[in-house]
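Visitor: this one's structure only:
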């Protein structure tokens, strides 16, 4: 999927942690298998992938695998829910599920860790984060995720607690400042908004949600759909949002302002 994946687990011998028995290697291998398997199906950067064969017209969607058809159905469902702000087709008509698959892969990798009996972990794939348990097992303390400045990737503009006593376990950030090729709306109208007098388009959007797929899809949809989609998302889903306009103005939902922004 062309992104860096990291796994963080507490060290120790408590249930749900990784001790000196090689558990970390097994956990890392489980995560790697999930991402490698999905990359082999959905990557458009691999000529031998199923997605590339569909894109070239060598395979119909009807003849594709159950996995491919299932994720396409999920993406179509999200297109309906977001009134077209999220779409599985590029403007040139090519099927591209990039906006959904990373979140799906993170979710599946998390399930694999739980199957291994590891209850406390943090998965980060290209800045999209899913957590379970706590960095300090049995304490209920939340994990802390950072949100980078789209103008300076070495600087954080906010922190976001995940897990612990809260309901938000996932954080996804989307924007064409970095790897935004899957955001069709940003390509078609967002760039004009950024350079226009009002700078109204969103350069970057971060969404905290109970699950990573919702966070990932809605972050993409808000960047593509602008303020109308931001309003629909915050009205329709249990999420918190931090958005960076093209003018660099920050917009944040009340929960994000209370918990995340430095200096709030």
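Guide: Ah, there it is. Quick caveat, the model's predicted, so the values are computed rather than measured. Numbering: from 1, shown residues only.
Visitor: Does residue 44 touch residue 53 like I think?
Guide: No. Using C-beta atoms under 8 Å, residue 44 makes no contact with residue 53, being 10.4 Å away. The way it works is simple: take the backbone N, C-alpha and C, and place the C-beta from them, glycine included.
Visitor: okay, these two: which has more neighbours?
Guide: residue 44 (19 against 16; other C-beta atoms under 10 Å).
Visitor: Checking that one next. Helix, strand or coil?
Guide: Per DSSP: H, G, I helix; E, B strand; the rest coil, the secondary structure class of residue 44 is coil.
Visitor: For it, grab phi and psi.
Guide: phi -90, psi 0 (degrees, to the nearest 10).
Visitor: For it, give me its contacts.
Guide: Residues counted as contacts of residue 44 (C-beta atoms under 8 Å, 6 or more residues apart in numbering) are 51-52, 55, 94, 96, 98.
Visitor: Take those and keep only those in helices.
Guide: Those of the contacts of residue 44 mapping onto helices are 51-52, 55, 98, per DSSP state H.
Visitor: top of the residues you listed by neighbour count?
Guide: Counting neighbours by other C-beta under 10 Å, residue 51 leads the ones in helices among the contacts of residue 44 with 25 neighbours.
Visitor: Roughly how far does residue 97 sit from residue 250?
Guide: Per C-beta to C-beta, to the nearest Å, residue 97 is found 30 Å from residue 250.
Visitor: I'd guessed residue 242 sits against residue 250; true?
Guide: Yes. Using C-beta under 8 Å, residue 242 is in contact with residue 250, at 6.8 Å.
Visitor: higher neighbour count, the two?
Guide: residue 242 (24 against 14).
Visitor: Give me the phi and psi angles of the more buried one.
Guide: Main-chain dihedrals, residue 242, degrees, to the nearest 10: phi -120, psi 120.
Visitor: likewise residue 162?
Guide: Main-chain torsions, residue 162, degrees, to the nearest 10: phi -130, psi 140.
Visitor: And the one 10 residues further on, by the same measure?
Guide: The main-chain torsion angles of residue 172 are listed as degrees, to the nearest 10 and equal phi -130, psi 140.
Visitor: Ok, residue 138 next?
Guide: phi 70, psi 0.
Visitor: any idea how far residue 224 is from residue 243?
Guide: 12 Å.
Visitor: which of those two has more neighbours?
Guide: Ranked by neighbour count (other C-beta under 10 Å), residue 224 and residue 243 place residue 224 first, with 29 against 23.
Visitor: part of a helix, is the more buried one?
Guide: Yes. Note on residue 224: a helix contains this position according to three-state DSSP.
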